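> Structure for this input, please:
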Amino acid sequence: MIGWAVDYAIVAIAIGMALTAWRLVAGPSSVDRVLAIDTLYINTVALVILLGLRLSSDLLFEAALLIALLGFVSTVALARFVARGDVME
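This is a model prediction of the structure:
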């Protein structure tokens, strides 16, 4: 039963990632694109965690932590760039 639920969640997150990728390409403004990138990295973290559960791999949980850390830093940098025009002061 858990395997079926994980498989269903993987498919649902993959569909969400496809829709978010469409928003990234078709977004009318740069703010929409930054939010799409933020959502993509969150979905990627969720997908890697689910694959770690499905494959029973501890290495994938560490990869999810690394993706989350890099995603947060890149979102802050992109938001500062969109708001101010530069990242560093």
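
> chain center to the helix or strand encompassing T39: distance?
Using DSSP states H and E, T39 sits in helix 30-55. Distance of helix 30-55 from its chain centroid, counting by C-alpha atoms, centre = their mean, to the nearest Å, is 2 Å.

> Then stretch 8-28?
Here stretch 8-28 is found 10 Å from its chain centre; the criterion is C-alpha atoms, centre = their mean.

> What of stretch 62-73?
For stretch 62-73, the distance to the chain centre is 9 Å (C-alpha atoms, centre = their mean).

> Show me the contact partners of that stretch.
Stretch 62-73 is contacted by residues D38, Y41, I42, T44, V45, V48, I49, G52 when judged by C-beta atoms under 8 Å, 6 or more residues apart in numbering. Every residue, glycine included, has its C-beta placed from N, CA and C.

> I'd say the fourth one and M17 touch.
Yes. Counting by C-beta atoms under 8 Å, T44 does reach M17; the two are 7.4 Å apart.

> mind checking pLDDT for A18?
A18 carries a pLDDT value of 95.

> check which helix or strand covers it.
helix 2-26.

> May I see the buried residues of that helix?
Going by neighbour count (16 or more other C-beta atoms under 10 Å), the buried part of helix 2-26 is V6, A9, I10, I13, G16, M17, T20, R23, L24.
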